[in-house]
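Undergrad: Task: produce atomic coordinates for the following.
(2 chains)
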2 protein chains.
Amino acid sequence: MKRIFVCLFSLVIFSAVKAQDIPAINASMNKVKLNFMLDADGKPVYSVFYGNKAVINNSYLGIKLANDSAFDKNFALTGSEKTDVDETWQPVWGEVKDIRNHYQQVIVHLKQKNAPGRLMNIIFRVFTDGVGFRYEFPKQAGLKYFTVADELTEFSLTGDHKTFWIPGDYDSNEYQYTISPLSKVDASVLAKSATDIAVRFVPDKYGIQTPLMMKTVDGLYINIHEAALSNYTSMQLHVDAKTFKLTANLVPDAVGNKAYMLAPCSTPWRTIIVSDKAADILSSKMILNLNEPSKIENTSWIKPMKFVGVWLEMQTGKSTWNYADRADTLGADGKLIPNGKHGANTANVKRYIDFAASNGIGGVLVEGWNVGWEDWFGNWKENVFDFVTPYPDFDVKAITDYAASKGVKMIMHNETSGSATNYERQMDTAFRFMNKFGYTSVKTGYVGKIIPRGEHHDGPWMVAHYVRVAEKAAQYHVMLDAHEPVRPTGLQRTYPNWMACEAGRGNEYNLFSSGNNPGHETIMPFTRLMGGPMDYTPGVFNINGYSTVPGRQIHTTLAKQLALYVTMYSPLQMAADIPDSYEQHMDAFQFIKDVAVDWDDTKIVEAEPGEYITIARKEKNAPNWFVGAITNENARNAVIPLDFLDKDKKYVVTIYADGAGADWKKNPETYQITKCLAKSGTILNIKLANGGGAAISIKPAAEEDKGLKFYK
Amino acid sequence: MKRIFVCLFSLVIFSAVKAQDIPAINASMNKVKLNFMLDADGKPVYSVFYGNKAVINNSYLGIKLANDSAFDKNFALTGSEKTDVDETWQPVWGEVKDIRNHYQQVIVHLKQKNAPGRLMNIIFRVFTDGVGFRYEFPKQAGLKYFTVADELTEFSLTGDHKTFWIPGDYDSNEYQYTISPLSKVDASVLAKSATDIAVRFVPDKYGIQTPLMMKTVDGLYINIHEAALSNYTSMQLHVDAKTFKLTANLVPDAVGNKAYMLAPCSTPWRTIIVSDKAADILSSKMILNLNEPSKIENTSWIKPMKFVGVWLEMQTGKSTWNYADRADTLGADGKLIPNGKHGANTANVKRYIDFAASNGIGGVLVEGWNVGWEDWFGNWKENVFDFVTPYPDFDVKAITDYAASKGVKMIMHNETSGSATNYERQMDTAFRFMNKFGYTSVKTGYVGKIIPRGEHHDGPWMVAHYVRVAEKAAQYHVMLDAHEPVRPTGLQRTYPNWMACEAGRGNEYNLFSSGNNPGHETIMPFTRLMGGPMDYTPGVFNINGYSTVPGRQIHTTLAKQLALYVTMYSPLQMAADIPDSYEQHMDAFQFIKDVAVDWDDTKIVEAEPGEYITIARKEKNAPNWFVGAITNENARNAVIPLDFLDKDKKYVVTIYADGAGADWKKNPETYQITKCLAKSGTILNIKLANGGGAAISIKPAAEEDKGLKFYK
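TA: Predicted structure coming up:
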């Protein structure tokens, strides 16, 4: 009955678009099916199905060129090719050891009937978990250099889906997610009220950002994003609240253009991930698969790690980035007048190095080390920092020597204040400085309006800039963690030294603003993290001790902070709190010490966006597993069958759970640690408090664990 | 009678503006007088007189700030200071050995009556040959970072002056000059028809460029320009054709702003040079005097010179910049397919080196040496050149070694194709390359639309860029010759390694387009060259042999090409023609061999813009004089009293004059060389042909010159 209904439905849809008489073009992989045709005007049209359910109704495809508006219709089909690919590759680091890239590809060759008979191909790749497609412009006589004025890609959705969205802001992804039907999207209201975000630019009231997560009334989970964004601009989506049609809205450059191309070339991939299980969205490797293999040949120097940082103390006002209170008031000696609260001083940094060394934490980040912080933000000024001149109380040589003697890596901080031109001028000098002093990774920052003025964080010039930084960093064997960049699109496959990005609302908002809803971390893996790892800065133990402002606290329990090390994937994971906080909870801190940052395998145990996520991961080249389970503001029981464990081994399971009476708001810091034995087949059943979570480490049992009881 | 009339006239003008009751503020130096007052609305007003003649009627002053439109009125005078300065300084190189800086300065301290009581000073400097003024913003509580939205400076002229103008183009100064009354200015028509200029952007029909040269009906010569333009944008002028009021029109950046300032700071100087003698305009040092002294301490490596170049052969199509015809078509070996016409090949370059070495020419420029020229122009692309990768037929090591063995300096060429961001990323690498291979100077180029996109050649971002290049070049001890930059404003005083600029319509237009009117070179010193030296590339001997296109020829006689070495001042002077051409006229080439490029003294013998110029200059640290005399399309007699010669010496005078029947169009290459004796008091009387000129070298007579006859 249902099947017949669906077939009729799709017939109705097809009848709305009068097709040309061309051979049927389609591709499929398991339940996912892609159809392509040209309509009577020669406009390309596609649709996507999941089993019998329409995911994308007939939707137009096309590109609008500057000085030539006619690259969207009047096409004839000159041929098509179908290929099946099934291969497996190994990422330099990642959530799994082996990634299967299994798809059916259809290339549609189109030629415009009008002169000069321009060529455009559309490449579709159909995976078991979705469809990717891109526009390709072959080498041809009638098209060489061209400017993209707009992309006319549509995603015609089948209903008023439940949507997890943030505004289509050209400069920031750091919003709370709104859960609403598509028809209720209003980006302007949200942008206006988000006063905790420094730079906002949301020109379209109905514009929203990708990765966009949706759920249909009949239980389909749909995620729309893009892959392999480099020589182009980023795609946001315009919502038609009545027809539920989404249209590509490319972020413009300073003169309103979207991309400058030279054929042969292609656009980024547009990705539609779909499943009837939410967990499949999280385990999808489609976006990575649609990216190019590593451009870096020797990757032996690229190493995931955990780090602490002289950072939270500034975020909470305990110390300052700036050395003096004013740049324009000098002392009798003609120098800056120290304010006595500067965080990045040699003695303080050494304390962090000591803490890292004592606890097996690989790196120490120090912000506010270089001159310029007195006057760094909000003035749209070209030259702010020089990236090589430390404040007088930061002895770079002594610090890097000390860190080296302790086996700790220092992490460079290069805040650009949005002046990308200034950074580009000085990048070589900055990276030579890192090489000289042994910094093997850098955290970049783009807080502020972008220079070149008129460009945006997510626009084409900056998209290219972030890639240039990754390439330059690779040239100097430096790992990159970019803050405030465009949201990632899987480029970490191509540039595996680009370890993580912020590009989303991090844990820091819990420190300096009204914070993140307790459900926030159950949405992020379905949205922001679809493109790549996030430097979310988890692990704050001092949940409500940093501020007297009402509501300013971490919006989770302490145990949930631990769980985030597993649920918020990143090969660079910060232990964000200060050593003093950790030293009061060394039993809980043990999990952060133990947890891995690189993985052989990952199991999405259970997940529902906005509600809960439980993930189990196996440590790279080790038999240990780590599990994170989190919930939103509602308590729940996490049920975790340990069916992924080796059948012939016994394991020690250490459970870091919310304590009795725990509640993210009323009683966030209570936790209980339980140690017991378990084996494959054991089913853990763990209570997560309101806004709570649990972290679990699972290691093969050793001789001394004999006395432990089995889990029950 | 006249005097009375003028006084009445100025009374009329003053009555139109109701003044506040503040003390009279004025300053004067010889005939030049400056008056300042506040009107009834507290708006600053100034006027300028030359003797009894009004030069600038009452004109408003002010700055409009972004987010604050009220920085132009409601001022109260809080005080003023008057200072007299008379000092003499020595330029690193120049037209004279000593420069007298003699002025009376008035600083007017203004405070706005409305909150927050912002402060602005206006600094006037009155010289014997004009007035300079600038806005200054002191350190103050109510103003720190600010954005200039507009400048409200006016220049109310007294009549419909004869004006030598080019359009107010944000991207090019390479126009022919139009001579018309102010009321007839129409920039749009001219911009539209100037199809020989690649990139043009003229938004204001009544917008014109500075330096602006004018002549009044009662015989005043007035020049308006600016000095010391660095952290600001360039000023063009809007003409009110009815009132003859000029208004500052600042070139905007990509978002429409004009400058980003941090108090304390000041704007560039606005300059009004005035005299009743045209020659005084050419000898004015006001613009240099208003610039800051050299920021480069050790200037011993900065050396003026002449050079030849593998350049004209490309301009005339004899050879090509590009090595291959197509970038996207490779040979069987996977490499570019040579077109066989590439100019920058090792053997050809060595011929130029040989020629330079044989003739005492200091440098050899080579364009088209680095990969990328197949596809370099017109595509607004970010990455074009890398500035360090030679074409396979250009052996940089062999060439620089060969040049060094011959005592010749190679001149680097860095064409950016307008992508300043790309150049900034690679500048350090480019200059290290120059240092490695011994290049001591660089010719930069900015052909094409600017990147950052939305910026203009004359806008604030590029103004800062050119200065950054000069500073970077100085850091590497490299001399700079910038092509297609903003027109100069005397910054060569501050950055004496910034030897020359193009920034105007050079001799090259005679090679590849319909060319320059014969009067062009009689206007350029009154306009473009007021700001600084021009790399005009004189010295083309093959006047009409390069093209069969009608009218495409050099629009001068051969003798006039020689005269330009004196009349078109530059410390870097090209001998622009190819060795083959020179070898056919080695007698005439002797003048180019002999002429100096750095001077102890300069005498403007006679001059009238658009008609004629005769200049005599004394070689630096030598007793030799060189004279250049040029005319427009009309023949004339140049009368040159040699009253500048030492009274007790005899001199040998070699006159390179137009030959009998010479005419720029009909018979341009005929010339006659006369050698004779002369002394102080001798008056040369030399016939200049239509579009002709004469060059004269004057050296102390030696023993072997005894037999020569005296001039008569």
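Undergrad: quick one: the closest residue to chain B within the stretch 501-650 of chain A and A:D481, what's the gap?
TA: Among all residues of the stretch 501-650 of chain A, A:C501 sits closest to chain B, at 21.9 Å; criterion: Cβ to the nearest Cβ. C-beta here means a position set from N, CA and C on the backbone, and glycine is covered the same way. Going from A:C501 to A:D481 by Cβ to Cβ, to the nearest Å gives 7 Å.
Undergrad: Which residues are in contact with the one residue in the stretch 51-200 of chain A that gets nearest to chain B?
TA: As assessed by Cβ to the nearest Cβ, chain B sits closest to A:Y145 within the stretch 51-200 of chain A, at 4.1 Å. With contacts defined as Cβ atoms under 8 Å, 6 or more residues apart in numbering or on different chains, A:Y145 is in contact with A:260-262, B:379, B:381.
Undergrad: Spit out the contact partners of the closest residue to A:V384 other than its chain neighbours.
TA: The spatially closest residue to A:V384, leaving aside those adjacent along the chain, is A:S417, at 4.3 Å (Cβ to Cβ, 6 or more residues apart in numbering or on different chains). Contacts of A:S417 were listed using Cβ under 8 Å, 6+ apart, and they are A:376-377, A:381, A:384-385, A:445-448.
Undergrad: And A:H102, by the same measure?
TA: Taking Cβ under 8 Å, 6+ apart as the contact definition, A:H102 lies against A:29, A:85-87, A:127-128.
Undergrad: Name the member of the contacts of A:S417 with the most neighbours.
TA: For those, counting by other Cβ atoms under 10 Å in any protein chain shown, the largest number of neighbours falls to A:Y446: 26 neighbours.
Undergrad: how far away is that one from A:P485?
TA: For A:Y446, the distance to A:P485 (Cβ to Cβ) stands at 6 Å.
Undergrad: Show me what from the stretch 51-200 of chain A comes close to chain B.
TA: Residues of the stretch 51-200 of chain A lying close to chain B by Cβ under 8 Å from any Cβ of the partner chain are A:139, A:144-145, A:147.
Undergrad: Need the buried ones from these selected in ChimeraX.
TA: Restricted to buried positions by 16 or more other Cβ atoms under 10 Å in any protein chain shown, the ChimeraX selection for these reads:
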select /A:144,147
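Undergrad: what touches both of A:Y446 and A:P485?
TA: Shared contacts of A:Y446 and A:P485, counting by Cβ under 8 Å, 6+ apart, come down to A:457, A:462.
Undergrad: related to what we said a few turns ago, now the residue nearest to A:V384, what's its secondary structure?
TA: Following DSSP: H, G, I helix; E, B strand; the rest coil, A:S417 is assigned to coil.
Undergrad: Pull up the distance across stretch A:273-282, start to finish.
TA: This stretch, stretch A:273-282, spans 10 Å end to end (Cα to Cα, to the nearest Å).
Undergrad: any idea of the mean pLDDT in that stretch?
TA: Confidence over stretch A:273-282, taken as the mean pLDDT, stands at 98.
Undergrad: Does the residue in the stretch 201-350 of chain A that chain B sits nearest to belong to a helix, a strand or coil?
TA: Scanning the stretch 201-350 of chain A for proximity to chain B using Cβ to the nearest Cβ identifies A:A254 as nearest, at 3.6 Å. When states are read from three-state DSSP, the local structure at A:A254 comes out as coil.
Undergrad: and the residue nearest to it when sequence neighbours are not counted, what does it touch?
TA: Among residues not flanking A:A254 along the chain, A:G454 sits closest, at 2.9 Å (Cβ to Cβ, 6+ apart). With contacts taken as Cβ under 8 Å, 6+ apart, A:G454 has the following neighbours: A:253-255, B:253-255, B:452-454.
Undergrad: From these, pick the one nearest B:R326.
TA: Set against B:R326, the nearest of these by Cβ to Cβ is B:R453 (26.1 Å).
Undergrad: show me what contacts that closest one?
TA: With contact taken as Cβ under 8 Å, 6+ apart, B:R453 is in contact with A:253-255, A:257, A:452, A:454, A:461, B:254, B:380.
Undergrad: same question, A:N121
TA: Shown in contact with A:N121 (Cβ under 8 Å, 6+ apart): A:107-110, A:135-138.
Undergrad: One more: A:V310?
TA: If you count contacts by Cβ under 8 Å, 6+ apart, A:V310 has them with A:319, A:343-344, A:348-349, A:352, A:364-368.
Undergrad: and it, what are its bridge partners?
TA: A:V366 (DSSP bridges).
Undergrad: What's the per-residue pLDDT of it here?
TA: pLDDT, the model's per-residue confidence, is 98 for A:V310.
Undergrad: what are the pairing partners of the helix or strand that contains A:V45, and which direction each?
TA: When elements are assigned from DSSP states H and E, A:V45 belongs to strand A:44-50. The partner list of strand A:44-50 in its sheet, established with DSSP bridges, is strand A:32-38 (antiparallel), strand A:53-60 (antiparallel).
Undergrad: I'd like those as TSV, with mean pLDDT and mean neighbour count appended.
TA: Converted to TSV, the strands paired with strand A:44-50 look like this (pLDDT from 0 to 100; neighbours: other Cβ atoms under 10 Å in any protein chain shown):
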stretch	mean pLDDT	mean neighbour count
strand A:32-38	97	22
strand A:53-60	98	22
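Undergrad: can you tell which of those strands is closest to A:K649?
TA: Distances from A:K649 to each of the strands paired with strand A:44-50 were compared by Cβ to Cβ, and the smallest falls on strand A:32-38, at 37.0 Å.
Undergrad: Name the residues that touch that closest one?
TA: Applying Cβ under 8 Å, 6+ apart, the external contacts of strand A:32-38 come out as A:17, A:19-20, A:22, A:24-28, A:44-50, A:75-77, A:106, A:108, A:110, A:122, A:124, A:126-131, A:274.
Undergrad: Please tabulate the strands paired with strand A:44-50 in JSON lines, including the columns distance to A:P518.
TA: JSON lines is the format used below for those (distance: least, Cβ to Cβ, whole Å):
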{"stretch": "strand A:32-38", "distance to A:P518": "34"}
{"stretch": "strand A:53-60", "distance to A:P518": "30"}
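Undergrad: Out of the ones you listed, the one nearest A:A357 is which?
TA: A:A357 lies closest to strand A:32-38 among the strands paired with strand A:44-50, at 49.8 Å (Cβ to Cβ).
Undergrad: got the CA coordinates for that closest one in PDB?
TA: Output for strand A:32-38, consisting of C-alpha atoms alone and laid out as PDB, is shown next (Å, rounded to 0.1, in the frame of the first residue of the first chain):
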ATOM      1  CA  VAL A  32      19.800   5.400  -2.400                       C
ATOM      2  CA  LYS A  33      18.800   6.300  -5.900                       C
ATOM      3  CA  LEU A  34      19.600   9.300  -8.100                       C
ATOM      4  CA  ASN A  35      17.600  10.300 -11.200                       C
ATOM      5  CA  PHE A  36      18.700  12.900 -13.700                       C
ATOM      6  CA  MET A  37      17.000  14.400 -16.700                       C
ATOM      7  CA  LEU A  38      16.800  17.500 -18.800                       C
END
